[in-house]
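Novice: Output the structure for:
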Amino acid sequence: MSRVLIVGAGLTGSLCACLLRREMQNKVQIVVWDKARGAGGRMTTSRPPDPSSQSADLGAQYITATPSYFQSHSSFYSELLSSGVLQPFDSLVEGLKHKDGSRDYMTPLGMSSVVKHFLSESGADLFFEHHVTGLYRRGASWEVRRKAGSSEMFDAVVLTMPVAQILQLQGDLGNMLSVQQRQQLDGVVYSSRFAVALFFPPDAVLSFPWSARYVSDNRCICYIAADSRKRNADGPGRGPSLIVHTSVPFGLEHLEEDKEAVQPIILQELQKLLPDLPQPISTKCQKWRYSQVLTSVPDCPGHMTVLKSPPLICGGDAFVHSNFDGCVESALSVLSVLKASL
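Specialist: Residues are numbered from 1 along each chain as shown. Predicted structure coming up:
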């Protein structure tokens, strides 16, 4: 039985694990490591410190399906819709400009529920707070080392974390990249931004009519969502939640500052935009150093094979484009390589 390690419990990693299980059944042992404390990656959903408030999506907000992707990836959309993980997103979004025929979907249980669905389907052995630091080739296997833990051996490794983190890995990976591959990886560019979640008490009322709003005339804030309203989760007993995303220029300007220093600036700008906002009982700030891919690997191949045997493959939105369908494309691409190798 081949032992496969997938590094990263985000959307691409969870899809890779799920597809590999469905394709190869019990011929593989699938292990997923993530350095965070939970699954989701950039589709993370944050629970409030006080259980009287609703959770909030700190990263991706909803899924937009173009007509062509809805058709080509129909099995994935059908699966998520039939299981209730996705539902049509029909509430008011101010400032949203849509291409003809695109459809929006929200997640009643938060965006991380998409990732958790595929991880559950994969039956993978899932380990959090496992921070990979190095990859070393040992004959027909890979020795994978992690921070604050012993190393383990795997027959194949799939890396789905941001490219900058891949390039920081110690060991043999750097020597195995061709000059062209190194140039392609060095050329990947991400946007950076901050997100702030505000959690309110059960009696709080958000007086504006929209579920989400794109802001075009503020140097700091580009997007606000009444997150619980967006997910049809507003109701008696639990307070609403609000999410704020900063603009790309603001994120770049403050990237090297601590999020604790940046949060007051964001909340001050939010107060100008929504002066009637009630007082939150708690807030949480997230710095997304790697938010969305601005420049991906040329020609969007979906993956990069560093070594065929033993397989070492890089995948994720950096090899295609930054949305749900891009991650599906990447996972399918990685699967085709693994099938041929294993």
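
Novice: quick one: low-confidence ranges for the protein?
Specialist: For the chain, no stretch has pLDDT under 70.

Novice: what's the neighbour count on residue 210?
Specialist: 18 (other Cβ atoms under 10 Å). In short, each C-beta sits where N, CA and C put it, glycine included.

Novice: and residue 138, what does it touch?
Specialist: residue 153 (Cβ atoms under 8 Å, 6 or more residues apart in numbering).

Novice: Tell me how far residue 75 lies from residue 121.
Specialist: 12 Å (Cβ to Cβ, to the nearest Å).

Novice: okay, those two: which has more neighbours?
Specialist: Using other Cβ under 10 Å, the more surrounded residue of residue 75 and residue 121 is residue 121, with 17 against 9.

Novice: Secondary structure class of that one, three-state.
Specialist: helix (DSSP: H, G, I helix; E, B strand; the rest coil).

Novice: That one contacts residue 18, doesn't it?
Specialist: Yes - if you go by Cβ atoms under 8 Å, residue 121 and residue 18 touch, sitting 4.6 Å apart.

Novice: where do the helices sit along the stretch 1-150 of the chain?
Specialist: Counting by DSSP state H, counting those that start in this stretch, the segments of the stretch 1-150 of the chain that form helices are 11-24, 67-72, 74-82, 112-122.

Novice: could the ones you listed go into JSON lines alongside distance to residue 341?
Specialist: As requested, these are exported to JSON lines (distance: least, Cβ to Cβ, whole Å):
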{"stretch": "helix 11-24", "distance to residue 341": "11"}
{"stretch": "helix 67-72", "distance to residue 341": "25"}
{"stretch": "helix 74-82", "distance to residue 341": "24"}
{"stretch": "helix 112-122", "distance to residue 341": "18"}
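
Novice: looking at the ones you listed, which is buried most?
Specialist: Mean neighbour count, computed with mean count of other Cβ atoms under 10 Å, is highest for helix 11-24 among those, reaching a mean of 25.

Novice: Compute the inter-axis angle for that one and helix 112-122.
Specialist: Orientation check (axes from the mean of the first three to the mean of the last three Cα atoms, to 10 degrees): helix 11-24 against helix 112-122 gives 20 degrees.

Novice: Look up phi and psi at the residue nearest to residue 61 when sequence neighbours are not counted.
Specialist: Of all residues not flanking residue 61 in the chain, residue 225 sits nearest, at 5.9 Å (Cβ to Cβ, 6 or more residues apart in numbering). Residue 225 has phi and psi values of phi -140, psi 130 when expressed as degrees, to the nearest 10.

Novice: wait, residue 225 sits on residue 243?
Specialist: Yes - between residue 225 and residue 243 there is a contact at 4.8 Å, judged by Cβ under 8 Å.

Novice: what residues are shared contacts of the two?
Specialist: Contacts common to residue 225 and residue 243, judged by Cβ under 8 Å, 6+ apart, are 57, 61.

Novice: got the contact list for the most centrally placed residue in the chain?
Specialist: Among the residues of the chain, residue 42 comes closest to the average C-alpha position under Cα atoms, centre = their mean, at 2.5 Å. Taking Cβ under 8 Å, 6+ apart as the criterion, residue 42 is in contact with 10, 11, 59, 60, 288, 290, 291.

Novice: do you know how far it is from residue 76?
Specialist: Taking Cβ to Cβ, one finds residue 42 at 18 Å from residue 76.

Novice: And residue 86, by the same measure?
Specialist: 10 Å.

Novice: Quick check: neighbours shared by those two?
Specialist: Counting by Cβ under 8 Å, 6+ apart, nothing touches both residue 86 and residue 76.

Novice: Show me the helices in the stretch 201-342 of the chain, by range?
Specialist: Under DSSP H, counting those that start in this stretch, the stretch 201-342 of the chain gives helices at 227-230, 248-253, 259-273, 324-341.

Novice: For the last one, enumerate the helices and strands it packs against.
Specialist: Contact here means 3 or more Cβ pairs under 8 Å, 6 or more residues apart in numbering; DSSP states H and E; on that basis helix 324-341 packs against helix 11-24, strand 63-65, strand 156-159, strand 303-307, strand 312-315.

Novice: The shortest one too?
Specialist: Taking 3+ Cβ pairs under 8 Å, 6+ apart as the contact definition, the neighbouring helices and strands of helix 227-230 are strand 56-57, strand 241-246.

Novice: okay if I get the ones you listed as JSON lines plus distance to residue 277 and mean neighbour count?
Specialist: JSON lines is the format used below for those (distance: least, Cβ to Cβ, whole Å; neighbours: other Cβ atoms under 10 Å):
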{"stretch": "strand 56-57", "distance to residue 277": "15", "mean neighbour count": "27"}
{"stretch": "strand 241-246", "distance to residue 277": "7", "mean neighbour count": "26"}
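
Novice: how about those, which one is nearest residue 308?
Specialist: Among the helices and strands packed on helix 227-230, strand 56-57 comes nearest to residue 308, with 37.9 Å by Cβ to Cβ.

Novice: quick one: the closest one to chain centroid distance?
Specialist: Centroid separation for strand 56-57 versus its chain: 12 Å, with Cα atoms, centre = their mean, to the nearest Å.

Novice: Can you give the domain ranges for the chain?
Specialist: 1-35+129-187+297-342, 190-293 (automatic domain parsing).

Novice: Now render those as CSV, adding distance to residue 50.
Specialist: Putting those into CSV (distance: least, Cβ to Cβ, whole Å) gives the following:
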stretch, distance to residue 50
domain 1-35+129-187+297-342, 24
domain 190-293, 6
